[in-house]
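Trainee: Kindly return the folded structure for what I paste below:
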Amino acid sequence: MTSFRSKANSAIIHFDVRILAIAIYAVLALTVASPVRAQQVITIGIGTQDMTTNTVTTGVVIRELKLLEKHLPRTGAYANVTYRLDWQNFTSGPPVTNGMMANKLQFGAMGDFPLVVNGFTFQSNPESKSQLVAVAAYNINGSGNGVMVHRDSPFFELADLRGKVLSVPFGSAAHGMVLKAMQDRGWGPNEIRLVSQTPEVGSTNLQERKVDSHANFVPFAELLPFRGFARKIFDGVETNAPTWHGVVVRTDFAEKHPEIVTAYVAAIIEANAWVRNDPQAAAEQIARWTGIDKEVVYMFLGPSGIMTLDPTIKPELIEDAVEDAKVLQNLGRMGEFDVRRWVNSAFVEAAFRRAGLDYAAQVAAKSNYEIRGDDKFCNRPVTEPRKAGQIWVEGERITVHASPACALGAFAALRAAGKKINVIYLFDEVLGTKLFADHAFFSIAKTGPQAVITPFMLKKDAEAHAARTGGRIGSFDDALRAVQAGG
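Mentor: Residues are numbered from 1 along each chain as shown. A predicted model of the protein is given here:
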């Protein structure tokens, strides 16, 4: 018995050891074949300006359509990553820079002057610098920022504000526009009394006539007149310098996660395409997300709009940033800053390659997508987009018209038919920028039996044109009556 039990116990022991060895081998083999990686969480802080129409395709559109989630890397080193997107909305650029400096934000979208200040500010940061990695939208001629007065104000141009109070968000693109306009005219820094007010405070104070004027960035120079209490007397296009918004990123984040930066730019490209695919529907949706009236959104981002959506970093915009830095340096607001070293187009170029797009060709392109189609009222095609018109009837598709006279004639017919007309768009003859027709000044002349209607943003331009053509200056209602009467 003893011998049998010993042999049995020995067999059991040998069996157990064998099972244990097999189990250990299996575990080791499994570990080698499928290494267990700890779940990594990457937080991406993104500073946006939802109400700034220039930046919607770098912020609110990407956020609401979840486009960044679509493009984020999820293979290789990112196979076990969980992303936490921290979207933070601001009313201007300087607070975005503050969040980036505190490392609470990795990305930030802001206007040209705040961008330059962002890059300069990061020069003294021992942890990280910043880089310009993409453009959001631009107007190569400078339109977008503007100076407004109350609709009943006696002031009609910038020179009328000498000695008066102009409120503006300090550090904003609009502030930079005002500073440049004053320097261009050789005015001293106190020629106009500048006070710093946020868009909300400045808009309220203008409406209540507590300030003589208010300057702001997109979309406020169009939004406040559209809402009925303001009139624009100066447009950034008069500075003869581009205006634009862009995206900056902390370099420590970009160096650690270049794939994520490229993904963000890829999301911008898709957001731009979404707007252009159906700009009217996009304007309506963006209005719901931001509270900015759809007619104002469309004015900026629709065909022949004030702004061009394009993420490429164009040489003209880099040179504009160089000039912005000089303006601020002349005022003692910043020191030396190498703008060209701050620009990094590698990520937007990579995003273009991923999408199968030609980056070099797009950098060279300056054209926006333009108004096109047939004018059903005058029965002829639109051949000159910047001399055309558009009418938005509530609940219907926007119609195109070949000339100001055709657009006004169609407007009169639609109104007689009882249609609710949201807005009629025309173009300034001199500045080339899109206008709300009911806020324009008109030169009204007559050639044969027809009225020749020419719209302008500035009263002085309408007066000069009327003097040259033997016409007269008039309001929207005057132009409408002239078209209906034939002259």
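
Trainee: What ranges in this structure fall below the confidence cut-off?
Mentor: 1-38, 448, 486-487 (pLDDT under 70).

Trainee: Assign the residue minimising distance to the centre of the chain to helix, strand or coil.
Mentor: In the chain, the centroid-proximal residue (C-alpha atoms, centre = their mean) is residue 54; its distance is 1.1 Å. The three-state label given to residue 54 by DSSP: H, G, I helix; E, B strand; the rest coil is helix.

Trainee: just checking, it touches residue 247?
Mentor: No. At 11.2 Å, residue 54 and residue 247 do not qualify as touching, with contact defined as C-beta atoms under 8 Å. Using the backbone N, CA and C atoms, a C-beta is placed for each residue, glycine as well.

Trainee: and for the two, which residues touch both?
Mentor: residue 136 (C-beta atoms under 8 Å, 6 or more residues apart in numbering).

Trainee: Just the strands from the stretch 251-400 of the chain, written as ranges.
Mentor: 308-309, 374-375, 380-381, 389-393, 399-401 (DSSP state E, counting those that start in this stretch).

Trainee: Take these and lay them out in a markdown table including distance to residue 445 and mean neighbour count.
Mentor: Formatted as a markdown table, the strands of the stretch 251-400 of the chain follow (distance: least, C-beta to C-beta, whole Å; neighbours: other C-beta atoms under 10 Å):
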| stretch | distance to residue 445 | mean neighbour count |
| --- | --- | --- |
| strand 308-309 | 32 | 22 |
| strand 374-375 | 21 | 18 |
| strand 380-381 | 21 | 12 |
| strand 389-393 | 18 | 23 |
| strand 399-401 | 19 | 24 |
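
Trainee: okay, these in TSV with distance to residue 358 next?
Mentor: Below are the strands of the stretch 251-400 of the chain laid out as TSV (distance: least, C-beta to C-beta, whole Å):
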stretch	distance to residue 358
strand 308-309	17
strand 374-375	31
strand 380-381	29
strand 389-393	30
strand 399-401	29
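
Trainee: of those, which approaches residue 473 most closely?
Mentor: Of all the strands of the stretch 251-400 of the chain, it is strand 389-393 that lies closest to residue 473, at 19.4 Å by C-beta to C-beta.

Trainee: can you list contacts of that closest one?
Mentor: 280, 295, 298, 302, 371, 398-404, 406-408, 410-411, 414, 419-427, 437.

Trainee: pretty sure residue 445 belongs to a strand, no?
Mentor: Yes. The assignment for residue 445 by three-state DSSP puts it in a strand.

Trainee: any idea how far it lies from residue 357?
Mentor: According to C-beta to C-beta, to the nearest Å, residue 445 stands 46 Å off from residue 357.

Trainee: Over to residue 160?
Mentor: Counting by C-beta to C-beta, the separation of residue 160 from residue 357 is 46 Å.

Trainee: try residue 325
Mentor: Taking C-beta to C-beta, one finds residue 325 at 30 Å from residue 357.

Trainee: repeat for residue 107
Mentor: Distance, residue 107 to residue 357, by C-beta to C-beta: 21 Å.

Trainee: How about residue 412: what's its closest non-neighbour residue?
Mentor: residue 484 (5.5 Å; C-beta to C-beta, 6 or more residues apart in numbering).

Trainee: Can you classify the one you found as helix, strand or coil?
Mentor: Following three-state DSSP, we place residue 484 in the helix state.

Trainee: what's the neighbour count on it?
Mentor: Counted with other C-beta atoms under 10 Å, residues neighbouring residue 484 total 13.

Trainee: isn't it right up against residue 411?
Mentor: No. Taking contacts as C-beta under 8 Å, residue 484 lies outside contact range of residue 411: 10.0 Å.

Trainee: which residues sit in contact with residue 387?
Mentor: Residues near residue 387 by C-beta under 8 Å, 6+ apart: 403, 404, 427.

Trainee: Please convert the residues you listed to CSV, extending it with secondary structure, neighbour count and distance to residue 367.
Mentor: Listed next are the contacts of residue 387 as CSV, based on DSSP: H, G, I helix; E, B strand; the rest coil; neighbours: other C-beta atoms under 10 Å; distance: C-beta to C-beta, whole Å:
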residue, secondary structure, neighbour count, distance to residue 367
403, coil, 21, 21
404, helix, 26, 22
427, strand, 25, 15
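
Trainee: Among those, pick out the one closest to residue 347, please.
Mentor: Nearest to residue 347 among those, counting by C-beta to C-beta, is residue 427 at 35.2 Å.

Trainee: so what's the closest one bridging to?
Mentor: On the basis of DSSP bridges, residue 427 is bridged to residue 434.

Trainee: What ranges does the stretch 1-150 of the chain have for its helices?
Mentor: For the stretch 1-150 of the chain, helices defined by DSSP state H, counting those that start in this stretch occupy the ranges 2-33, 60-65, 67-71, 93-101, 112-122.

Trainee: Looking at residue 107 and residue 357, which is more packed in?
Mentor: Counted by other C-beta under 10 Å, residue 107 and residue 357 do not tie: residue 107 has more neighbours, with 27 against 13.
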